[in-house]
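Visitor: Got a sequence here, can you build the structure:
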Amino acid sequence: MQNSNKRAFRLAAAFAATLAATAAGAVDIVSGDWKFSVNGNINVDYIYSSCQSASSAERIDTVGGACTGSASGSSVSNVGNGLLPAAITFGISTTQNGYDIAAHFGLYPGIASNDSGSPNLQQNSTAFGTNVGLATTGLDVRQVYLTFGNKEIGTFTFGRNFGLFGFDAIINDMTLPGVGVGGSASTASPSNTTLGSIGFGYLYVDTLAQMDYTTPDIAGFNFTAGIFAPINPIDGTNYTARKAPGFHGKATYTLKMADDMKFYASATFITQKENSQVGTGATAVNGPAYTSTGADIFAKFDVAGFEVDASYYYGKGMGTTGLFILASDGAGNARKSDGYLIQGTYTVGAVKFGVNYGVSKLDLANAADDPFLLEKNSKVTGGIYYSLTKNLTLLGEVSGVKTQAHNGNENKSTNGNFGAFMSF
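Guide: I've put the predicted structure just below:
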């Protein structure tokens, strides 16, 4: 049976990005030399999932994938957030001595029942889980960062913010205001986010403690480079503190060919050293070590109401679904992974029609690796998004999902949703 343990769904459910930066409007308050701004969104969907039946479900060791049913049935209904949790983000900015300086706080509440401090990394301490009476929701603080610079020298970003690797793939995913793959919404204990196309075409960008520098615009090009606090892989190994930070970088290019025609492309890289130990205290010795490296490319072409996007990623020791999840066999042997997402949308008037198809693959580290390990996640999503007003979108989506293991095991599921997304 597919390995859909609680930790897997909590981790998968933690993955989301933000539309706050691209909201149709915002609240701005000016006091003296300072400007205070507020952005945010609230989204709610009814999500229905038809999962692989418990009698036919096959074991697949993964984080996220086709949902599987229980003894009571293979259909699941939920009302909750989609790929995004709700969000309210605060910014304050000014210009001093020729430098633009700003601070940003991003707060992400959801509507699922959560008894712990995090609305996604739930702690199900009882057999009843968190989706029970008298429960409440939690607050997720994903962004706390400052920026300084100007058009001549570029911009420095210090703090906790979304990373570079995988950002363009998710921020351009048409399912961002919707649901995509149901994830934990297809279980009895839903969290505050679904998967969208995470683990089905790209890895989640995640929020990282980082220090970055971005160049000024150079004939349509921009370059960003920085360091980030290394995060521990999830592969069954006991990891230790690193003597060096992780590194990431990004190059982008924008070309406006006409008022209704534009091309955008980007490429990113990421790397960090993985060090582990065996034992604890005075008896601890060095354990397996390897280096995680990854790269991705993204391209988007807009003409009139048509938009075509494509992205591809490759990694060694990067894992699947999220950064460094199932990245190795636990003995220091890194697993290779790659994936792609292709998407096309057409907007006519207030209605956008879209379809995307994504694949994420994970290789075995060697012949002795787990035969039940995920080999490939694939999915197709079709969606309709209607802008009732400039700030309110009504939407509906259907997603078909397939998860396959290296030993040939396979599970399939389908989920559909309809709901509303309001941004401000």
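Visitor: hang on, isn't T240 packed against Q277?
Guide: Yes. T240 lies in contact with Q277 (C-beta atoms under 8 Å); the separation is 5.0 Å. From N, CA and C alone the C-beta is placed, and that goes for glycine too.
Visitor: in stretch 106-117, what's buried?
Guide: By 16 or more other C-beta atoms under 10 Å, the buried positions in stretch 106-117 come out as G106, L107, Y108, P109, G110, I111, A112, S113, N114, D115.
Visitor: Select from those every entry located in helices.
Guide: When the buried residues of stretch 106-117 are checked against helices (DSSP state H), there are no matches.
Visitor: Tell me the one of these nearest P230?
Guide: Proximity of the buried residues of stretch 106-117 to P230 (C-beta to C-beta) peaks at G106, which lies at 22.2 Å.
Visitor: need the contact list for the nearest residue to that closest one once chain neighbours are set aside.
Guide: Spatial nearest neighbour of G106, excluding adjacent residues (C-beta to C-beta, 6 or more residues apart in numbering): Q143 at 3.1 Å. By C-beta atoms under 8 Å, 6 or more residues apart in numbering, Q143 lies in contact with T18, T89, H104, F105, G106, G159, R160, N161, F162, T207.
Visitor: try it again with 6 Å
Guide: H104, G106, N161 (C-beta atoms under 6 Å, 6 or more residues apart in numbering).
Visitor: The strand or helix carrying G400: how far from the chain's middle?
Guide: Element membership for G400 (DSSP states H and E) is strand 392-405. In terms of C-alpha atoms, centre = their mean, to the nearest Å, the centre of strand 392-405 is found 15 Å from the chain centre.
Visitor: Direction included, what does whichever helix or strand comes after it pair up with?
Guide: Next helix or strand after strand 392-405 toward the C-terminus (DSSP H and E): strand 410-423. Strand 410-423 pairs in its sheet with strand 34-50 (antiparallel), strand 392-405 (antiparallel), by DSSP bridges.
Visitor: Deepest-packed of these, please.
Guide: Stretch with highest mean neighbour count among the strands paired with strand 410-423: strand 392-405 (a mean of 21; mean count of other C-beta atoms under 10 Å).
Visitor: Quick one: mean pLDDT over it.
Guide: Averaging pLDDT along strand 392-405 yields 98.
Visitor: Same check on stretch 226-237?
Guide: 91.
Visitor: Which positions in it come out as buried?
Guide: Quick answer for stretch 226-237 (16+ other C-beta under 10 Å): G226, I227, F228, P230, I231, P233, I234, D235, T237.
Visitor: Strands of the stretch 201-350 of the chain, start to end?
Guide: With DSSP state E, counting those that start in this stretch, the ranges of strands along the stretch 201-350 of the chain come out as 207-214, 221-228, 246-258, 261-278, 285-303, 306-316, 336-348.
Visitor: Now do the second one: everything it contacts.
Guide: Counting contacts by C-beta under 6 Å, 6+ apart, the residues outside strand 221-228 that touch it are 208, 210-212, 214-215, 245-247, 249-253.
Visitor: and with 10 Å instead?
Guide: Strand 221-228 is contacted from outside by 154-158, 160-161, 163-164, 206, 208-216, 244-254, 266, 268-270, 272, using C-beta atoms under 10 Å, 6 or more residues apart in numbering.
Visitor: Can you flag the buried ones in these?
Guide: 154-157, 160-161, 163-164, 206, 208-210, 212-214, 245-252, 266, 268-270, 272.
Visitor: sorry, back to before: can you put the strands paired with strand 410-423 in JSON lines and add distance to Y290?
Guide: What follows is the strands paired with strand 410-423, written out as JSON lines (distance: least, C-beta to C-beta, whole Å):
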{"stretch": "strand 34-50", "distance to Y290": "36"}
{"stretch": "strand 392-405", "distance to Y290": "23"}
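Visitor: so which of the ones you listed comes closest to G319?
Guide: That would be strand 392-405 among those, by C-beta to C-beta, at 15.6 Å.
Visitor: and the nearest residue to L107 once chain neighbours are set aside, what does it touch?
Guide: In space, and not counting its chain neighbours, L107 is closest to I88: 5.3 Å by C-beta to C-beta, 6+ apart. Listed by C-beta under 10 Å, 6+ apart, the contact set of I88 reads 20, 38-42, 105-109, 139, 424.
Visitor: in the sheet, who's paired with I88?
Guide: Here I88 sits in beta bridges with G40, L107, as judged by DSSP bridges.
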